[in-house]
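**Q** Model the following, please.
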Amino acid sequence: MNLVEIKDLTKLYGKKEALKNISLTIEPGKIYGLLGPNGSGKTTLIKIINNLLTPTSGEIKIKGITPGIESKKIISYLPERTYLNMNFKVKELLDYFEDFYDNFDRKKSLSLLKKLNINLDDKLKTMSKGTKEKVQLILVMSRKADLYVLDEPIGGVDPASRDYILETILSNFDDNASMIISTHLIQDIESILDNVIFINKGKITLNDKADNIRTERNQTIDQVFREEFKC
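**A** Take a look at the predicted model:
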């Protein structure tokens, strides 16, 4: 059974088509790169998967159910802009996640935070951008979810932080789960991708295994992306 089934999905904002008749499947146990230029429809699709937007037409199923309260229990979502309270201490964020999500593993999060020497009494607002990103990622990856959706998880952080974030993703990724990563920094993440989805102007323009694309084009995913979306 596919983890996500999307069939003939369209989303309108007024008369503007943000998504145009998209069909897509997400299989268990794979990391997908959702790649496209600004305004391509990536964020709209991610929000529909996370039940933050309702499609205008078409169908989407997460493990056979329509996105809603039940699907939120099995999806762990890292938005591009945080929704966390900046005045919260790290230990308060752990309490919040533990209260809110049955599948949150506090021991795992404490172990990951300890590796970074992050003080549980520090408030989120006192941290650097890179440390905030790491704390948020740790919270998301400490849930035992079926689907992880990460929107720009390495945007705006230094190369060393990117390496840590990718290492955290890989070392805490359940083989039975799947992951969708949306990013502009393709070169930094393409080594961990199993499948690649290109989206442009609301349409899927490419959907294949990463290795197939590299072999057929004799290029990196980053090179293919630059060629496909050059101005």
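**Q** Any idea which helix or strand in the chain has the lowest mean pLDDT?
**A** One helix or strand of the chain scores below all others by mean pLDDT, DSSP states H and E: helix 159-171, with a mean of 78.
**Q** Point out the other helices and strands that that helix packs with.
**A** helix 129-141, helix 186-189 (3 or more C-beta pairs under 8 Å, 6 or more residues apart in numbering; DSSP states H and E). All C-beta atoms are positioned from the backbone trio N, CA, C, and that covers glycine.
**Q** Which strands or helices does the last one pack on?
**A** Contacts of helix 186-189 with other secondary structure elements, assessed using 3+ C-beta pairs under 8 Å, 6+ apart, are made with strand 31-35, helix 159-171, helix 221-228.
**Q** Just put the ones you listed in TSV and tack on distance to Glu190 and mean neighbour count.
**A** Conversion of the helices and strands packed on helix 186-189 to TSV gives the following (distance: least, C-beta to C-beta, whole Å; neighbours: other C-beta atoms under 10 Å):
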stretch	distance to Glu190	mean neighbour count
strand 31-35	7	24
helix 159-171	11	15
helix 221-228	4	17
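**Q** what are the C-alpha coordinates of the least confident helix or strand of the chain, in PDB please?
**A** What follows is helix 159-171, C-alpha atoms only, in PDB (Å, rounded to 0.1, in the frame of the first residue of the first chain):
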ATOM      1  CA  PRO A 159      27.400  24.400   5.900                       C
ATOM      2  CA  ALA A 160      28.400  22.800   9.200                       C
ATOM      3  CA  SER A 161      24.800  23.000  10.400                       C
ATOM      4  CA  ARG A 162      23.600  21.500   7.100                       C
ATOM      5  CA  ASP A 163      25.900  18.500   7.600                       C
ATOM      6  CA  TYR A 164      24.500  18.000  11.100                       C
ATOM      7  CA  ILE A 165      20.900  18.300   9.900                       C
ATOM      8  CA  LEU A 166      21.400  15.800   7.100                       C
ATOM      9  CA  GLU A 167      23.100  13.400   9.500                       C
ATOM     10  CA  THR A 168      20.200  13.800  11.900                       C
ATOM     11  CA  ILE A 169      17.700  13.100   9.200                       C
ATOM     12  CA  LEU A 170      19.500   9.900   8.000                       C
ATOM     13  CA  SER A 171      20.400   8.500  11.400                       C
END
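**Q** mind listing what the residue positioned nearest the centre of the chain touches?
**A** The geometric centre of the chain, computed from its C-alpha atoms, lies nearest to Leu150 (C-alpha atoms, centre = their mean), at 1.8 Å. Contact analysis of Leu150 by C-beta atoms under 8 Å, 6 or more residues apart in numbering lists 78, 137, 140, 169, 179-182.
**Q** Same question for Ala210.
**A** Counting by C-beta under 8 Å, 6+ apart, Ala210 has contacts 33, 190, 193-196, 221.
**Q** got the contact list for the residue nearest to Lys30 when sequence neighbours are not counted?
**A** By the measure of C-beta to C-beta, 6 or more residues apart in numbering, the closest residue to Lys30 outside its immediate chain neighbours is Asp194, 4.2 Å from it. Contact analysis of Asp194 by C-beta under 8 Å, 6+ apart lists 30-32, 209-210.
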